[in-house]
Structures are given as C-alpha cells and as structure tokens.
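> One predicted model, sequence on top.
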Amino acid sequence: MCLYRKYLVAFGIILLLGFNGRGQTADSTGRRMADSGRTVAESPHMAAESRHMAADPAVPDWKAGRLWSSHFQLTIINQIHSGFKARYSGTNSLADSVEPSATSITTTLFLGRKLWKYATFYFNPELSGGAGLSYAVGVAGALNGETYRIGNPSPSISIARAYLQQVFPLGETGSDDVADAANQVEGKVPSHRLTITVGKFSMSDFYDANSCSHDARSQFLNWSLMSDGAWDYPANTKGYTEGLHLELAVPGWSVRASTVTEPKIANHPEMEYVFGKAASETMEVERDYTIGKQPGAVRILFSYTQSRAPSYKAGLAALADNDMTLLKIISGNAENPNFGGHKSAICINAQQNITDNIAAFFRGGWNDGKYVTWAFTEIDQTVSGGFSFKGARWGRDGDVAGIAGVVNGISTGHRAFLQEGGYGFIIGDGYLNYGHEEILETYYNARLFPAVFVSADYEFVNHPGYNRDRGPVHVFAIRAHFEF
C-alpha cells in the first residue's frame with residue numbers, strides 16, 4: 001500500500017472515533033487559542049454572549065482572581081502528500097513524488113503574572129522543530145501552520161513572547177470577567193479600557209482573529225486559512241516580532257493599532273526598527289453584533305510596511321542582467337544594504353454563528369504587490385470561507401469539524417518575475433504558467449480526553465505555487481495536541 005494511502009485509513013479511523021465514540025465532553029469554560037493572545041470559546045465558535053460582558057456596578061477589583069497563570073501545550077503534526085504531474089521543477093518547487101512524511105513539533109509554556117493594578121507580564125518559552133513538506137516551500141498557501149521555512153530542523157528552544165500589558169480604565173465603568181487561560185490571568189478589567197502592550201509577541205495574538213479559522217493547533221493547517229495571506233504580517237521566521245500595541249475597547253467595538261519591527265532579511269530571524277525606513281504599522285477595527293441571538297463579528301484591517309524589500313521591477317532587471325546579489329536578497333539569502341520597500345494592504349474578516357453548533361467565516365485580502373514578499377508568504381490577493389461544526393450535533397461535545405476553501409493570487413509584477421525564472425523565499429518553479437492557487441481543506445478534531453486531542457486533516461491543492469503545469473496534489477495529516 002502506498003504510504004499516503006495509509007493516511008486515508010488513519011483519517012477514516014479518526015472520523016469513526018469522532019462520529020461513533022462517546023468520549024469525554026468539554027466543559028463550557030473559555031480557553032485561549034494556543035497561538036493567540038485573545039480569548040475564544042472552547043470550540044472554534046464564538047461564545048453565545050458578547051465579548052464585553054454586562055457592566056458590574058462595582059469598580060473593578062484588579063486583585064480579584066489569581067495572581068499567576070500557567071498553561072502548557074504540545075502539538076505534533078505528521079504530513080505526507082501524494083505524487084503529482086509536473087512538467088518541470090525548480091529550487092522552490094514542492095516535490096512531485098510521494099515524500100517521506102514530514103513531522104513538526106511545538107511545545108510552549110504560557111506564564112503570566114499580575115504586577116500592579118491592571119498590569120500583567122507574560123512570558124512564553126517555546127521549543128519548536130521539524131520540517132514541513134519540501135521544507136515548507138512550493139505552495140504559497142503553505143501546508144502546515146506549525147512549521148516554517150528553516151535550514152536546521154532540529155528542535156530548539158527560544159523565547160516566543162515576553163511582554164508587559166497595562167490596562168487603563170476609561171471613566172467609571174463596569175467590568176469584564178477574565179477567565180484563566182493561556183496568556184490571560186484570571187480577574188476583572190474595566191469594560192471601557194485602553195490596553196497598552198509592549199515587548200515581544202505575535203501579531204496574530206491581536207489581529208485577524210477568527211474563532212473558526214485561526215489556530216493551526218486545533219483548526220485548519222493551511223497558512224492562508226490560519227491568517228489572511230495578503231497581509232504580509234511582520235514576523236521573524238517563527239512568527240514573532242517586537243514593538244508597541246494599543247487597543248481601545250468598549251462594549252461592541254474594538255480599535256487596535258501597532259508599530260513593530262520588520263525582518264532585516266526576508267523571512268529571517270533578525271528584526272529591525274528604523275523609523276521611516278523599516279517598520280510595520282497595522283490598524284484594525286472590530287464590530288461585534290448579534291443576528292437572531294447568534295453572535296458575529298466583522299473586522300477590517302489596514303497595514304503599511306516599510307522594509308529593505310526590492311521591487312519586482314528591480315527583480316526583473318536583475319534577472320535580465322544576471323544580478324545574483326539582488327536575486328539572493330529577494331529569495332531571502334542575503335541582506336539588502338538599501339531601504340525603500342513598502343507595501344499597503346487591506347483585509348476583511350467576518351464570522352457568524354448560524355446555530356449554536358454551526359458557524360461560518362469569510363476572509364478577503366489585497367496588497368499592492370509592487371515590492372517583494374518579506375515576512376509571511378507570497379500571496380497578494382486572497383478570498384477564503386468555510387464552516388465549522390461542533391460535535392454536540394452527534395453527541396461529541398468536545399469535537400469540532402471544519403471545511404473551507406481558499407483562492408490565492410499574485411500581482412502582475414510578481415507573476416512576471418516568477419515567469420522569467422525568479423525565486424521568492426517560498427515559491428518559484430523556474431517558470432510559471434499562471435493560475436490561481438486553489439485550496440480545499442477539511443479536518444476533524446476529536447477530543448479523546450479532557451486535555452488530549454487528535455485530528456485528521458486533508459488538503460487538496462490545485463496549481464501549487466500558482467503553476468498550471470504542476471499538480472494537483474493531495475495532502476494528508478495527523479495531528480496530536482495536548483494542553484492544560
């Protein structure tokens with residue numbers, strides 16, 4: 001039996017466990033997504049109540065609840081893809097033969113401590129390792145959100161987050177209850193507040209949240225379903241940055257803004273902040289609402305980034321002149337001594353509970369695509385949408401299933417660069433017969449015990465790397481996740 005067919009068998013077994021089993025049921029408390037700094041419901045559905053709870057007539061007591069928060073997560077993902085037809089391959093191509101399975105591992109300790117009134121410090125040491133299929137190149141909507149483009153796959157320890165958060169009340173208001181969760185210390189905060197965060201964090205902690213599609217540790221694995229692919233969000237190789245984040249929250253509305261560091265080399269660990277030359281500014285407006293007593297939310301994100309990124313026009317000239325220095329800069333293998341890159345993006349993100357057990361989501365994103373991708377992935381336009389289903393419908397309260405589709409595209413300059421044989425840091429086949437990259441993903445996440453989850457996942461990718469001359473490809477995954 002071919003190796004990838006074994007994944008079909010495993011996929012079926014997990015589905016049977018989910019539909020026929022009667023395992024542990026989930027409690028109704030909230031938890032934080034493992035890779036996020038914002039609270040969501042236990043399943044990837046919004047809680048029935050608003051994010052902003054009814055006002056407490058008493059002045060919030062910052063000493064209420066615990067002083068410490070400590071949580072832990074471990075996620076192991078094993079993937080394999082089928083062989084597929086390919087007229088040619090290049091440096092950044094997904095292997096066209098069946099690959100030996102690729103395994104990733106992350107384990108994170110989430111520590112939080114109240115310091116003084118409305119002030120908390122969070123610290124997250126993290127171990128990560130393993131490699132994605134074809135070392136996470138070849139597909140712009142990369143296949144595993146828990147891995148990244150890396151040279152040495154050996155597990156290594158790093159500081160994922162270390163930040164101070166200070167809340168300022170806005171007038172004499174009521175309070176919101178805060179549950180104990182990862183990167184969240186139990187207590188109360190003012191319902192009308194300004195929150196300032198400074199230090200090292202992930203932009204996905206605060207932006208582009210979606211309770212159906214945002215967490216590769218429990219939901220969709222694909223990068224372009226984990227976050228809006230057209231937002232080249234500022235991050236080092238592992239997804240983190242440093243800077244200042246502000247959030248203004250009142251019942252039903254939130255406005256957040258930040259200024260943070262950018263990679264010094266495309267998709268590399270070293271970050272920099274040079275005012276007016278290398279920095280990323282992001283702003284998001286969120287509106288929470290209910291339709292027919294079912295909660296929903298819409299978020300609009302604006303981003304402007306300055307960096308050392310060259311333009312695709314300069315990249316085309318470098319190809320014509322065989323300027324390997326500039327081409328290495330574009331592919332993330334050399335530092336650019338010059339600044340001047342800039343990119344603007346706008347993204348929309350919506351989610352809506354249809355029933356207590358079914359929720360839908362939508363994302364759309366666009367960036368100007370004139371300068372090369374510098375931090376996240378090579379997507380300039382994207383549209384995605386899908387559904388998630390709580391297992392309560394079939395007697396498995398702790399289980400969740402999801403299905404979603406995404407269509408990714410790139411700018412005219414980006415296409416021309418790849419067609420002439422150029423390479424970014426994640427895609428490039430040596431030539432390009434352009435077509436939209438189309439991805440369908442479905443998963444089933446089974447809660448076997450209170451802290452243990454096992455998932456089966458399938459991705460179908462048409463035109464990987466936007467190339468009609470390659471694919472389609474079938475990708476199978478098994479994921480184990482442990483948290484407390």
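Perfect, thanks for sending it. Residues are numbered from 1 along each chain as shown.
> mind listing the strands for the stretch 51-200 of the chain?
Counting by DSSP state E, counting those that start in this stretch, the segments of the stretch 51-200 of the chain that form strands are 68-81, 102-116, 119-130, 156-169, 175-178, 187-190, 193-201.
> and the third one, what other elements does it pack with?
Packing contacts for strand 119-130, counted by 3 or more C-beta pairs under 8 Å, 6 or more residues apart in numbering; DSSP states H and E, involve strand 102-116, strand 156-169. No exception for glycine: its C-beta is placed from N, CA and C like everyone else's.
> quick one: which of those strands is nearest Phe482?
strand 102-116 (8.8 Å; C-beta to C-beta).
> Could you say which one of the helices and strands packed on strand 119-130 comes nearest to Ser411?
Taking those one by one with C-beta to C-beta, strand 102-116 is closest: 29.9 Å.
> Packing partners of the closest one?
Contacts defined by 3+ C-beta pairs under 8 Å, 6+ apart place strand 102-116 against strand 68-81, strand 119-130.
> in its sheet, what does the last one sit against?
The one in question is strand 119-130. strand 102-116 (antiparallel), strand 156-169 (antiparallel) (DSSP bridges).
> tell me the angle that strand makes with strand 193-201.
Angular relation of strand 119-130 and strand 193-201 on a 0 to 180 degree scale: 40 degrees, by axes from the mean of the first three to the mean of the last three C-alpha atoms, to 10 degrees.
> just to revisit the earlier point, out of the strands of the stretch 51-200 of the chain, which is closest to Lys293?
Proximity to Lys293, assessed across the strands of the stretch 51-200 of the chain by C-beta to C-beta, is greatest for strand 175-178 (20.4 Å).
> Can you show me the CA trace of that closest one as CSV?
Extracted in CSV, the C-alpha atoms of strand 175-178 (Å, rounded to 0.1, in the frame of the first residue of the first chain):
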residue,chain,number,x,y,z
SER,A,175,-16.1,45.4,34.4
ASP,A,176,-15.5,42.3,32.3
ASP,A,177,-14.6,39.0,33.8
VAL,A,178,-11.4,37.5,32.5
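> Neighbouring strands - and their directions - for that strand?
Counting by DSSP bridges, strand 175-178 is paired with strand 187-190 (antiparallel).
> just to revisit the earlier point, turn the helices and strands packed on strand 102-116 into JSON lines, columns for mean neighbour count and mean pLDDT.
Shown next, in JSON lines, are these (neighbours: other C-beta atoms under 10 Å; pLDDT from 0 to 100):
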{"stretch": "strand 68-81", "mean neighbour count": "20", "mean pLDDT": "96"}
{"stretch": "strand 119-130", "mean neighbour count": "19", "mean pLDDT": "95"}
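> now the helices and strands packed on strand 119-130 in JSON lines, with distance to Asn333, mean pLDDT and mean neighbour count?
Supplementary listing: those in JSON lines, determined by distance: least, C-beta to C-beta, whole Å; pLDDT from 0 to 100; neighbours: other C-beta atoms under 10 Å:
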{"stretch": "strand 102-116", "distance to Asn333": "22", "mean pLDDT": "95", "mean neighbour count": "19"}
{"stretch": "strand 156-169", "distance to Asn333": "21", "mean pLDDT": "96", "mean neighbour count": "16"}
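> Compile these into CSV and extend it with columns for distance to Lys200.
Supplementary listing: these in CSV, determined by distance: least, C-beta to C-beta, whole Å:
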stretch, distance to Lys200
strand 102-116, 14
strand 156-169, 5
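> if we can go back for a sec, out of the helices and strands packed on strand 102-116, which comes closest to Asp356?
When these are compared (using C-beta to C-beta), the closest one is strand 68-81, at 26.6 Å.
> Same list (the helices and strands packed on strand 102-116) but as JSON lines, adding distance to Leu170.
Compiled in JSON lines, the helices and strands packed on strand 102-116 are given as follows (distance: least, C-beta to C-beta, whole Å):
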{"stretch": "strand 68-81", "distance to Leu170": "25"}
{"stretch": "strand 119-130", "distance to Leu170": "16"}
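> Nearest approach to Asp177 belongs to which of these?
Comparing those under C-beta to C-beta, the one sitting nearest is strand 68-81, at 14.3 Å.
> Return the list of strands paired to that closest one, each annotated with direction.
Counting by DSSP bridges, strand 68-81 is paired with strand 102-116 (antiparallel), strand 473-483 (antiparallel).
> starting at the chain centroid, how far to it?
Distance, stretch centre to chain centre, for strand 68-81: 14 Å (C-alpha atoms, centre = their mean, to the nearest Å).
> Nearest residue to Trp253 in space, ignoring adjacent ones along the chain?
Nearest residue to Trp253, sequence neighbours excluded (C-beta to C-beta, 6 or more residues apart in numbering): Arg287, at 6.1 Å.
> repeat for Arg363
Ser384 (4.7 Å).
> again, but for Ile80
Ser101 (4.5 Å).
> Now render the strands paired with strand 68-81 as CSV, adding distance to Ala230.
Converted to CSV, the strands paired with strand 68-81 look like this (distance: least, C-beta to C-beta, whole Å):
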stretch, distance to Ala230
strand 102-116, 24
strand 473-483, 22
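> quick one on the thing from earlier: minimum distance to Val406: which of the strands paired with strand 119-130 has it?
Nearest to Val406, of these and by C-beta to C-beta, is strand 102-116 at 20.7 Å.
> now that closest one, how far from the chain's geometric center?
That offset, for strand 102-116, works out to 16 Å (C-alpha atoms, centre = their mean).
> Now stretch 397-413 - C-alpha only, CSV.
Only the C-alpha atoms of stretch 397-413 are listed here, as CSV (Å, rounded to 0.1, in the frame of the first residue of the first chain):
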residue,chain,number,x,y,z
ASP,A,397,-19.4,18.0,22.7
GLY,A,398,-15.6,18.3,22.6
ASP,A,399,-15.1,17.6,18.9
VAL,A,400,-15.1,20.0,16.0
ALA,A,401,-15.1,19.5,12.3
GLY,A,402,-14.4,22.1,9.6
ILE,A,403,-14.3,22.6,5.9
ALA,A,404,-13.0,25.6,4.0
GLY,A,405,-11.8,26.8,0.6
VAL,A,406,-9.3,29.5,-0.4
VAL,A,407,-8.3,31.1,-3.7
ASN,A,408,-4.9,32.9,-3.7
GLY,A,409,-3.4,35.2,-6.4
ILE,A,410,-0.4,37.4,-7.0
SER,A,411,0.2,40.8,-8.7
THR,A,412,1.2,41.3,-12.3
GLY,A,413,4.8,42.1,-11.4
